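Trainee: any chance you can model this:
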Amino acid sequence: MVRRSIEKIKTIIKWGKIILPLSSIRFYPPQFILRNPVIQGVTAAINDGHEVAVIVFNLKNMNELSEQLSQSQYALLIKQIKKYFRFAVETEIAKQDVITLNDFYGDGLTLYIKVDEARLCLSEIDTIMKKIINHVERNLQKYNPTIQTIFVTG
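Mentor: Residues are numbered from 1 along each chain as shown. All right, here's what the predicted structure looks like:
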């Protein structure tokens, strides 16, 4: 009985996200049929005169890790990776410049950021990518030193 009630509440909360503004669902937004927060954020940034940079973070050895760990350990690892990426992005990039950090169908994470030619150039974006990866890898080493992750960015 309690389990069913909790499941119903979780479902209501998930569907409740559809009415939230984009700024409230910036990190790992769900994709809706009625509304896609990624497209909405990118369109708003372009309409405001900004360019948009898309940074993809892929876990290269994802298959090896899924074989090495149990299903529950692997799910927990992915959850921790998402948490560390969110913290790193919040630390390294100004909140108003983050359009969204999206889980791209389990294949990797995609970061959409606003770019102004006066503030961010390609080398600065590359530096930000390296800082984010460094931050995530450092935290993962603290979390579980036996796990070796290999990230590919672009």
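Trainee: tell me, how many residues neighbour Ile39?
Mentor: 11 (other CB atoms under 10 Å). For glycine as for every other residue, the C-beta is placed from the backbone atoms N, C-alpha and C.
Trainee: and the pLDDT for Met129?
Mentor: At Met129, the model reports a pLDDT of 91.
Trainee: ok, and what's touching stretch 135-148?
Mentor: With contact meaning CB atoms under 8 Å, 6 or more residues apart in numbering, stretch 135-148 is reached by 61, 65, 68-69, 77, 80-81, 84-85, 87-88, 91-92, 149, 151.
Trainee: now which of those would you call buried?
Mentor: 65, 69, 77, 80-81, 84-85, 88, 92, 149, 151 (16 or more other CB atoms under 10 Å).
Trainee: of the contacts of stretch 135-148, closest to Asp126?
Mentor: Proximity of the contacts of stretch 135-148 to Asp126 (CB to CB) peaks at Glu92, which lies at 12.5 Å.
Trainee: these two touch, right, that closest one and Lys131?
Mentor: Yes - between Glu92 and Lys131 there is a contact under CB atoms under 8 Å: 5.2 Å.
Trainee: beyond the lowest-mean-pLDDT helix or strand in the chain, next helix or strand please.
Mentor: Ranked by mean pLDDT, DSSP states H and E, the weakest helix or strand in the chain is helix 2-16, scoring a mean of 71. With elements assigned by DSSP states H and E, the helix or strand that comes after helix 2-16 is helix 37-47.
Trainee: what packs against that next one?
Mentor: Secondary-structure packing of helix 37-47 (3 or more CB pairs under 8 Å, 6 or more residues apart in numbering; DSSP states H and E): strand 51-59, strand 98-103, strand 108-115.
Trainee: burial count for Asn102?
Mentor: Neighbours around Asn102, by other CB under 10 Å: 22.
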